[in-house]
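S.K.: Sequence and predicted structure below; questions after.
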Amino acid sequence: MNKIISLIKENDLQGAVIGDSKKYWVGFNLVKGIGAARFRLLLDAFDDIEAAWQASPSALQDAGLSAKLVESICRVRNSVDLEAVCSRLEQQSIKVITWDDKDYPRRLREIDQPPPVLYVRGELLLEDEWAVAVVGTRRVTSYGRQVAEQVATALAQSGVTVVSGLAHGVDAIAHQAALNAGGRSMAVLGCGVDFIYPPDHRRLAEKMITHGALLSDYAPGTPPEGVNFPPRNRIISGLSMAVVVIEAGDRSGALITAKFAADQGREVFAVPGNINAPQSIGANRLIQQGAHPLLDIRDLLESLDLDLVTEQQTARKALPADKVEAKLLALLSQQPMHVDEIQNQADMPIEKISAALTLMELKGLVRQVGGMQYIAVRETPGVYHV
């Protein structure tokens, strides 16, 4: 934490460009020990995040925080100029996304205890909802390299964003193959997004900033320490519809990502490998434990309906939302709503509603979840107006 604060103090810019309320999210994110559970506790105990930041030590303890954690909060409050921090982020083109933001990744929001704050370099697009993580060993074989390139290329050509961790080996191969195929790729870092780690992947990271994004829930200034990497794997899987493990040893971080994926209800695929190769021990064991053996990339595309991605993305562009769609999107949320209730609240003929919902489902804007009940795929798309 001292390293982070010292880096922040080097900046003497004033006047944060980032919104006033968002700077308090950043402030709490600088406090070691404030994660998703304690963010939720603070939001439940106080009117808003600013009130929590301004709260007295006794009020913070009454909310359920330990004396030691309250002391840490007070130390950060007294030593950090949040406006200078936010000005520095703006200067470095680092975006801050919180639970309060509509552009917080939908799939990531669905996991248990999603990160309250994300720092992003690049752009998160709606099409990134169709994402697959490709992970594996740093000590990749020629076979693993070939398969990683094939899988990432096929995903990118199908309009799927490839997610990984920017590490040597399978991660970097997958990122590069996706970009070479004209697709998008995102890297989740185990450090601040102002660090590129490993350093020799700087050019690759710069390409991803242009055609994807670098993300982290660690504050800028956080160095790439070993303890940071296993927890970030929950974000890699959380952003993705599925996780593909190419090669993995018996202690590979890719196995941690696969476990997070299984816990989050994501599909896990593993590429079978040579039973005598140490790089294949983990992947083969995943198959033994129930992961899908990836024998053909079409198996992955078909199992997740990823062959519909291009069709849905084309429909989004070819069929812009009208007033009917905008009204329905305003009504729908992540809570299922029956078509009869939709008609009642929209006060429109059922045939018009049914036709609109059909087109919206093709676009990927809504999803039928059974029994003529619908949910919004994205809660409040800001590009639609009544």
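M.R.: Arrived safely, thanks for sending.

S.K.: Name whatever forms a beta bridge with residue 120.
M.R.: When bridges are assigned using DSSP bridges, the partners listed for residue 120 are residue 95, residue 215.

S.K.: Now for it, how many residues are close by?
M.R.: A total of 20 residues lie near residue 120 under the criterion other Cβ atoms under 10 Å. (Each C-beta comes from the backbone N, C-alpha and C, glycine too.)

S.K.: OK, contacts around it?
M.R.: With contacts defined as Cβ atoms under 8 Å, 6 or more residues apart in numbering, residue 120 is in contact with 94, 95, 96, 97, 193, 213, 214, 215.

S.K.: any idea which of these has the most stuff around it?
M.R.: For the contacts of residue 120, the largest number of neighbours (other Cβ under 10 Å) sits with residue 193, at 28 neighbours.

S.K.: Just to check, it is in contact with residue 122?
M.R.: No. With contact defined as Cβ atoms under 8 Å, residue 193 and residue 122 do not form a contacting pair (9.1 Å).

S.K.: Quick check: neighbours shared by those two?
M.R.: Contact criterion Cβ under 8 Å, 6+ apart; residues shared by residue 193 and residue 122: residue 214.

S.K.: Against which helices or strands is the longest helix that the chain contains packed?
M.R.: Using DSSP state H, we find that the single longest helix of the chain is helix 142-157. Contacts defined by 3 or more Cβ pairs under 8 Å, 6 or more residues apart in numbering; DSSP states H and E place helix 142-157 against strand 131-135, strand 161-164, helix 170-180, helix 297-303.

S.K.: Any buried residues in the third one, and which?
M.R.: Think helix 170-180. Burial within helix 170-180, assessed by neighbour count using 16 or more other Cβ atoms under 10 Å, is assigned to 170, 171, 172, 173, 174, 175, 176, 177, 178, 179.

S.K.: what's the spacing between the fifth one and residue 147?
M.R.: With distances taken as Cβ to Cβ, to the nearest Å, residue 174 is found 10 Å from residue 147.

S.K.: list residues touching both of these two?
M.R.: Between them, residue 174 and residue 147 share the neighbouring residues residue 246, with contact defined by Cβ under 8 Å, 6+ apart.

S.K.: Domain map for this structure?
M.R.: Here the domain parsing of the chain from automatic domain parsing is 2-90, 126-308, 319-376.

S.K.: With mean pLDDT and distance to residue 259 added, can I get the helices and strands packed on helix 142-157 in CSV?
M.R.: As requested, the helices and strands packed on helix 142-157 are arranged in CSV below (pLDDT from 0 to 100; distance: least, Cβ to Cβ, whole Å):
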stretch, mean pLDDT, distance to residue 259
strand 131-135, 96, 12
strand 161-164, 97, 16
helix 170-180, 96, 17
helix 297-303, 86, 19
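
S.K.: Let me have the ones you listed in JSON lines, adding distance to residue 111 as columns.
M.R.: Formatted as JSON lines, the entries for the helices and strands packed on helix 142-157 read as follows, by distance: least, Cβ to Cβ, whole Å:
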{"stretch": "strand 131-135", "distance to residue 111": "13"}
{"stretch": "strand 161-164", "distance to residue 111": "14"}
{"stretch": "helix 170-180", "distance to residue 111": "21"}
{"stretch": "helix 297-303", "distance to residue 111": "20"}
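
S.K.: so which of the ones you listed gets nearest residue 279?
M.R.: Taking Cβ to Cβ, helix 170-180 is the member of those nearest to residue 279, at 9.5 Å.

S.K.: Tell me what angle the closest one forms with strand 131-135.
M.R.: Angle between the axes of helix 170-180 and strand 131-135 is 140 degrees (criterion: axes from the mean of the first three to the mean of the last three Cα atoms, to 10 degrees).

S.K.: can you give me how far helix 170-180 is from the chain middle?
M.R.: Averaging C-alpha coordinates over helix 170-180 and over its chain gives two centres that are 18 Å apart (Cα atoms, centre = their mean, to the nearest Å).

S.K.: Skip ahead from it and say which helix or strand is next.
M.R.: Following helix 170-180 in sequence order, the next helix or strand is strand 185-188 (DSSP states H and E).

S.K.: Alpha carbons of whatever helix or strand comes next after that next one, as CSV, please.
M.R.: Past strand 185-188, heading to the C-terminal end, the next element that is a helix or strand (DSSP H and E) is helix 202-210. In CSV, the C-alpha atoms belonging to helix 202-210 read as follows (Å, rounded to 0.1, in the frame of the first residue of the first chain):
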residue,chain,number,x,y,z
ARG,A,202,4.3,-4.4,-23.9
ARG,A,203,3.6,-4.3,-27.7
LEU,A,204,1.0,-7.1,-27.3
ALA,A,205,-0.7,-5.1,-24.5
GLU,A,206,-0.7,-2.0,-26.6
LYS,A,207,-2.5,-3.8,-29.4
MET,A,208,-5.1,-5.1,-26.9
ILE,A,209,-5.7,-1.5,-25.7
THR,A,210,-6.6,-0.7,-29.3
